[in-house]
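Peer 1: predicted structure and sequence below. I'll ask about it afterward.
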Amino acid sequence: MHTMKSCTRKVLFVLWVCVWLCRPVAADLAGRIADAVGKAKPAEYAIHIVAPDSGRVVYSHNATTAMTPASNMKLVTTAAALRYLGPLFEYRTRIGLCDGALVVIGSGDPLLGDPVMDALYGRENGWVFDEVVRGLQGLGIESITDIIIDTTVFDDQRVHPNWLESDLNRWYACEVCGLNYRGNCIRVTTTNQGGRIDVRVEPTTSFVEIANEIQAVSSGTGAVGAYRTRQPNRITLRGKCRDKEGPFDVAIEQPGAFFGFVLAEHLVRAGIPVSGHLAERAFDPNCRLVPVAEYTTPLIDCLHRANKDSLGLAAEALLKTIAAYANPDRKNGSWEKGRELIGKYLTDLGIPRREFEIDDGSGLSRKNLLSARAIVAVLRDAYTGGNWELYRTSLAVGGADGTIGKYFKESAYRAGILGKTGYISGVRSFSGICLTDKGPYLFSIISNRSSLSREAINAIAQAIMDEYRGKK
């Protein structure tokens, strides 16, 4: 009897060891994630982690529930743009002469005159207009009659109906137009000059009227805000300025007219007078256009600005561009058509209709809904679709650049975590890829109703890296 009991204990012990050694690989990961999420309410967050090469799910929580994704919506928009437009797509803005009028044909390019890209490529402020001046001078043109702005590549709905009115003067909620310039923003800097507040605006233009109501102070902290009025492009500055405030960007109204107005001012300063009118209308294709200048922007630059830097204009322009290029005349790109096409992209990936709702391209609208599984499916489509290296370079790199450049600076995580953050009030998200010692893992984390802090979300990504640390 004693021998039988002893043998039984040995068998049970061996079985227990076998079970422990053969436990699912996600068991420890689950524990790490449980430590990271703490006491967060399970229904208010979602996590999905997949090995992209095999498609094997290594961890999933609430992953089929459609939740507000904030700027993680940009991952879907940019992936859809890559699918519909192709990796070689580029925006092409043309400027030419037609019967004495200067015609600008917008392409929807979100990065024309973008300060970040101009700095990257070593271009001076106003280079766009300098090239027009040189082009006109090369043709021997000494004056211009009318300036015609053609923005018909997109429709006339420049402001999304589900964006908060209080956000519309912010850079991230700027108008979306067929002709965009400098992110459709002016850049404002205020300085206290011995009790007098000096306001500097870039570009220098009378298109925008500034009402200066800033109080000069000699002590305490300063803060200045810009506020719209009932009159378009009349902006009131309020607040306190002790030394200097800014520079900060303020979104303008009527971007097409903004470009045309600044162009006219630049021409006049260069000695090329403009005697006619500024008109925003479709260009007559029967008129022979004499080329003056042309500007191109590759798709990859737009993906970078949308994903690394979370530039909303880039994402919204891509959505409307998808829509325009689906139309026979490649015009009239709209949010409605773009939503339809992005929805089709998701259903083609096998995502059930109940797991998403598309409203805009940037994630600023709270009516967007995505499941964590849907986001990972999009990332995996990019990973397996032949353009992964191009798409991967658009993601922010932990400890290095973009919106996660200030996180993951430790050597164990730096450059190993790549992704896209998201934030609007009550919503935080983070999706991307962890390049671990044992292979890549795609992930999506969405928190609604402020359930998870940014620190907790980052800790989940670190948990993936920690779980798969070591030699292959």
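Peer 2: Thanks, I have the structure now.
Peer 1: all contacts plus neighbour counts: C-alpha atoms, from now on.
Peer 2: Fine.
Peer 1: nearest the geometric middle of the chain, what residue?
Peer 2: Nearest to the mean C-alpha position of the chain, by C-alpha atoms, centre = their mean, lies residue 306 at 2.7 Å.
Peer 1: that one and residue 312 touch, don't they?
Peer 2: Yes. Using C-alpha atoms under 8 Å, residue 306 makes contact with residue 312 at a distance of 6.4 Å.
Peer 1: give me the below-cutoff pLDDT ranges for the protein.
Peer 2: Residue ranges of the chain with pLDDT under 70: 1-27, 471-472.
Peer 1: let's see that with 50 instead.
Peer 2: Low-confidence segments of the chain, defined by pLDDT under 50: 1-8, 11-26, 472.
Peer 1: where do the helices of it begin and end?
Peer 2: Ranges of helices within the chain are 2-21, 26-37, 73-85, 115-120, 127-138, 255-269, 299-307, 312-325, 335-348, 372-384, 388-392, 454-467, based on DSSP state H.
Peer 1: quick one, which of the ones you listed is packed in tightest?
Peer 2: helix 312-325 (a mean of 27; mean count of other C-alpha atoms under 10 Å).
Peer 1: quick check: the residue nearest to the centre of the chain vs residue 332, distance?
Peer 2: To residue 332, residue 306 is 22 Å away according to C-alpha to C-alpha, to the nearest Å.
Peer 1: what does residue 75 give?
Peer 2: According to C-alpha to C-alpha, residue 75 and residue 332 sit 24 Å apart.
Peer 1: do residue 321 as well
Peer 2: Look at residue 321 and residue 332: by C-alpha to C-alpha, they are 9 Å apart.
Peer 1: overlap in contacts, the two.
Peer 2: 153, 154 (C-alpha atoms under 8 Å, 6 or more residues apart in numbering).
Peer 1: contacting residues for the closest residue in space to residue 252 that isn't next to it in sequence?
Peer 2: Distances taken as C-alpha to C-alpha, 6 or more residues apart in numbering put residue 185 closest to residue 252, at 5.4 Å, once the chain neighbours are dropped. By C-alpha under 8 Å, 6+ apart, the contact set of residue 185 is 171, 174, 249, 250, 251, 252.
Peer 1: from residue 92, how far out is the nearest residue to the first one once chain neighbours are set aside?
Peer 2: When the adjacent residues along the chain are set aside, residue 171 lies closest to residue 251, with 5.3 Å between them (C-alpha to C-alpha, 6+ apart). Distance, residue 251 to residue 92, using C-alpha to C-alpha: 23 Å.
Peer 1: more neighbours: the two, which one.
Peer 2: With neighbours defined as other C-alpha atoms under 10 Å, residue 251 and residue 92 compare such that residue 251 has more, 25 against 16.
Peer 1: so how far is stretch 151-165 from its chain's centroid?
Peer 2: A distance of 16 Å separates the centroid of the chain from that of stretch 151-165, by C-alpha atoms, centre = their mean, to the nearest Å.
Peer 1: over to stretch 68-84?
Peer 2: 9 Å.
Peer 1: out of the helices of the chain, nearest to residue 293?
Peer 2: Judged by C-alpha to C-alpha, the one of the helices of the chain that comes nearest to residue 293 is helix 127-138, at 5.8 Å.
Peer 1: next, the angle helix 255-269 makes with that closest one.
Peer 2: Between helix 127-138 and helix 255-269, the angle comes out at 50 degrees (axes from the mean of the first three to the mean of the last three C-alpha atoms, to 10 degrees).
Peer 1: dump the residue contacts of residue 238.
Peer 2: So residue 238 contacts 212, 213, 214, 215, 224, 225, 226, 227 (C-alpha under 8 Å, 6+ apart).
Peer 1: buried subset of those, written for ChimeraX?
Peer 2: Applying 16 or more other C-alpha atoms under 10 Å to the contacts of residue 238 leaves a buried subset, and the ChimeraX line that selects it is:
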select :212,214,215,224,226,227
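Peer 1: from the contacts of residue 238, pick the one nearest residue 161.
Peer 2: Residue 161 lies nearest to residue 227 out of the contacts of residue 238, by C-alpha to C-alpha, at 19.5 Å.
Peer 1: so what's the residue count around the nearest residue to residue 219 once chain neighbours are set aside?
Peer 2: Leaving aside its sequence neighbours, residue 219 sits nearest to residue 242 (C-alpha to C-alpha, 6+ apart; 6.4 Å). Neighbour count for residue 242, taken as other C-alpha under 10 Å: 21.
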